[in-house]
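**Student:** Predicted structure and sequence below. I'll ask about it afterward.
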Number of protein chains: 2
Amino acid sequence: MNISNKPDWLNKKVKGFLLDVNGVLYDSGLDGGTAIPGSVDAIDRLVELRIPFRLCSNETQHTRSSLLATLQKLGFNVNLHNILTPAPIVAEELKKRMLRPYLLVHPKLKDEFRNLDQSEPNCVVVGDAADSFTYDNLNQAFRLLINSTEPKLFSMGTGKFYKEANGLMLDLGAFTKALEYACDITAEIFGKPTEKYFLAALDSLNLKADEVVMIGDDIVSDVGGAQNCGIRAVQVKTGKWRNEWIEHPIVKPDAYMPNLFACVQCVLEYNNF
Amino acid sequence: MNISNKPDWLNKKVKGFLLDVNGVLYDSGLDGGTAIPGSVDAIDRLVELRIPFRLCSNETQHTRSSLLATLQKLGFNVNLHNILTPAPIVAEELKKRMLRPYLLVHPKLKDEFRNLDQSEPNCVVVGDAADSFTYDNLNQAFRLLINSTEPKLFSMGTGKFYKEANGLMLDLGAFTKALEYACDITAEIFGKPTEKYFLAALDSLNLKADEVVMIGDDIVSDVGGAQNCGIRAVQVKTGKWRNEWIEHPIVKPDAYMPNLFACVQCVLEYNNF
């Protein structure tokens, strides 16, 4: 490898990775999803070289344990401590503030909130509820908010859509917007792309912003969110990737890469791990 | 009646009315709904005195004919020519522009679009789909838009919510916002509160803006929309009325009235019909 070809964004050594999961490691779907070619190998290399990484997922269709099981079944060599999802963070926050949530979330996620009182709810938590985004459930959440003197809406992300094996799906951000609009309120966001989330991720790696690279398929939530915290960020062309993002009006990724494997390989080649 | 008590907003003679329907004439519900006390009498007085009026409804759960049948069943002395709803206007517009709609609307409304080609749809029309706002239907609309080079989203109003006999319900505006957010687009709005709609209503009465009074329960869509066109507008405290609107940050109604009957009575008393 000719070192003179080293891209500028790799001039500073990379000591750890933040990796989006859905659309980067695998494409989710009814059948448990499919690993994106090369991604299992990419994780193997990181583990082999003892390069620390965190799986930064706004995944709110599964508990962390269930996401772990899904990934392990697909062949990924990962552990629970690698996974950072918003639900446990929100649950902790609600406990601290002594709030009782109405959960507009996927049935599979409810277990993350099992230690909270959910009687006479006084706030709404939105996750990627998928088929549980029924008109009836949305109305229940809406009525709770519109009838509160201090309505509290928590959303575990701002995602617009994601890709499943059978097509693009509306994400929780769209439904959060619907409730915000109907009630004239602003949701409190957890997870990507908030600064709070990325700082927590760096903290758990015990690394500084400029020592880490984020790899994601969502140009706003993954790439833009990380860059806002001073983290280098690579856009991969898997998952929800769209060609028009090559000239995104707001976010300029540090690099575009075909997929996770290519990105990890590139960093490792220039990084002298 | 002491004429010196005449409110300022009635100094100019009222020659016709624009009346919102849901929440002003009746509260809708699964059972066909219930007439709001006094509203049947109020319409009777207008008919008796031959004072022209239009029922300005963003109702998109029913065809005009079906809405007429509902109102007549509740005892309202109204005819088809009294009713102005957005669906026939949108259908006309789509025909003119040779567009083929995907209808995210209530099953009962579909008949309004029966003359349009709906094969291989190339635009989305949003109405108050109610229980048809399923995750699946929303995803179908979303995919059509996100995969269009020139996405076209038409919404038959901007309503945030409305009141049914069994509670407040999310209105089409919330779901339009969800699609706008997910696709980074702006919908083309038909119906209230657009200027186009109110001008069409005045036109059908053959009256000028300052000769007409709008009566509605939605402070933004009914009252604000009419006032933006120079039409006097009264906020009634029925339907979706909320006490905090007494000090609404944007819209100042020409008057607040307890209900349609009180408003019509007041106008007639000072107007020397």
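**Tutor:** Nice, I can see it. Residues are numbered from 1 along each chain as shown, chains lettered A, B, ... in the order given.
**Student:** could you pull out the strands for the stretch 151-273 of chain A?
**Tutor:** A:153-155, A:161-164, A:167-170, A:188-189, A:212-216, A:232-236, A:255-257 (DSSP state E, counting those that start in this stretch).
**Student:** Find the one among the ones you listed with the highest mean neighbour count.
**Tutor:** strand A:212-216 (a mean of 27; mean count of other Cβ atoms under 10 Å in any protein chain shown). For the C-beta atoms, the positions are set from N, CA and C on the backbone; glycine is no exception.
**Student:** Tell me which strands it pairs with, and in which orientation.
**Tutor:** When sheet partners are counted by DSSP bridges, strand A:212-216 sits next to strand A:16-19 (parallel), strand A:232-236 (parallel).
**Student:** What are the contacting residues of the longest one?
**Tutor:** If you take Cβ atoms under 8 Å, 6 or more residues apart in numbering or on different chains as the criterion, strand A:232-236 is touched by A:9, A:12, A:14, A:23-24, A:210, A:212-217, A:219, A:222-224, A:226-227, A:241, A:245, A:253-260, A:262-263.
**Student:** Can you select the buried ones among these for me in PyMOL?
**Tutor:** Per 16 or more other Cβ atoms under 10 Å in any protein chain shown, the buried members of the contacts of strand A:232-236 correspond to this PyMOL selection:
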select buried, chain A and resi 9+14+23+24+212+213+214+215+216+217+219+222+223+224+226+227+241+245+253+254+255+257+259+260+262+263
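**Student:** Could you pick out the residues of the stretch 151-273 of chain A near chain B for me?
**Tutor:** Proximity of the stretch 151-273 of chain A to chain B, by Cβ under 8 Å from any Cβ of the partner chain, involves residues A:160-161, A:167-171, A:173-175, A:177-184.
**Student:** Just the buried ones among those residues, please.
**Tutor:** A:160-161, A:168-171, A:173-175, A:177-183.
**Student:** so which two of those residues are the farthest from each other?
**Tutor:** The span of those, defined through Cβ to Cβ, is set by A:168 and A:183 at 27.0 Å.
**Student:** Contacts for the lowest-mean-pLDDT helix or strand in chain A, please.
**Tutor:** Lowest mean confidence among the helices and strands of chain A (mean pLDDT, DSSP states H and E): strand A:161-164, at a mean of 84. The contact list for strand A:161-164, computed with Cβ under 8 Å, 6+ apart, reads A:22-23, A:27-30, A:33, A:128, A:168-171, A:174, A:239-240, B:142, B:146, B:182.
**Student:** if you look at these, which of them are in helices?
**Tutor:** Under the assignment DSSP state H, those contribute A:174, B:142, B:146, B:182 to helices.
**Student:** Pull the most distant pair out of those residues.
**Tutor:** So, those by Cβ to Cβ: farthest apart are A:174 and B:146, at 11.3 Å.
**Student:** shared neighbours, these two?
**Tutor:** With Cβ under 8 Å, 6+ apart as the test, residue A:174 and residue B:146 both reach A:161, B:182.
**Student:** Could you look up the SS state of residue A:55?
**Tutor:** Assigned by DSSP: H, G, I helix; E, B strand; the rest coil, the conformation of residue A:55 is strand.
**Student:** quick revisit: make a markdown table out of the strands paired with strand A:212-216 and add mean pLDDT and distance to residue A:92.
**Tutor:** Formatted as a markdown table, those follow (pLDDT from 0 to 100; distance: least, Cβ to Cβ, whole Å):
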| stretch | mean pLDDT | distance to residue A:92 |
| --- | --- | --- |
| strand A:16-19 | 98 | 20 |
| strand A:232-236 | 98 | 26 |
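**Student:** could I get the ones in helices among the contacts of strand A:161-164 as TSV with pLDDT and distance to residue A:101?
**Tutor:** Output for the ones in helices among the contacts of strand A:161-164, formatted as TSV (pLDDT from 0 to 100; distance: Cβ to Cβ, whole Å):
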residue	pLDDT	distance to residue A:101
A:174	98	20
B:142	98	27
B:146	96	31
B:182	98	24
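**Student:** quick check, nearest of those residues to residue B:122?
**Tutor:** Nearest member of these to residue B:122, counting by Cβ to Cβ, is residue B:146, at 13.2 Å.
**Student:** and the closest one, what does it touch?
**Tutor:** Residue B:146 touches A:161, A:168, B:182, B:183, counting by Cβ under 8 Å, 6+ apart.
**Student:** Quick check: end-to-end length of stretch A:52-67?
**Tutor:** 19 Å (Cα to Cα, to the nearest Å).
**Student:** what's the model's confidence in that stretch, averaged?
**Tutor:** Per-region confidence: stretch A:52-67 scores 92 on mean pLDDT.
**Student:** Name the nearest residue to residue A:41, ignoring sequence neighbours.
**Tutor:** Using Cβ to Cβ, 6 or more residues apart in numbering or on different chains and skipping the chain neighbours, the partner closest in space to residue A:41 is residue A:261 (5.9 Å).
**Student:** ok, that neighbour to residue A:84 distance?
**Tutor:** 22 Å (Cβ to Cβ, to the nearest Å).
**Student:** So between the two, which is more surrounded?
**Tutor:** Taking other Cβ atoms under 10 Å in any protein chain shown, residue A:261 and residue A:84 do not tie; residue A:84 has more neighbours (24 against 20).
**Student:** residues in contact with the more buried one?
**Tutor:** Neighbour list for residue A:84: A:54, A:55, A:56, A:57, A:197, A:200, A:201, A:204 [criterion: Cβ under 8 Å, 6+ apart].
**Student:** which ones are touching residue A:29?
**Tutor:** A:164, A:165, A:166.
**Student:** partners of the first one in the sheet?
**Tutor:** Right, residue A:164. Assessed by DSSP bridges, residue A:164 has beta-bridge partners residue A:28, residue A:167.
**Student:** mind listing the strands for the stretch 1-150 of chain A?
**Tutor:** In the stretch 1-150 of chain A, strands defined by DSSP E, counting those that start in this stretch lie at A:16-19, A:26-27, A:34-35, A:53-56, A:83-84, A:101-104, A:123-126, listed in chain order.
**Student:** Nice, that's everything, thank you.
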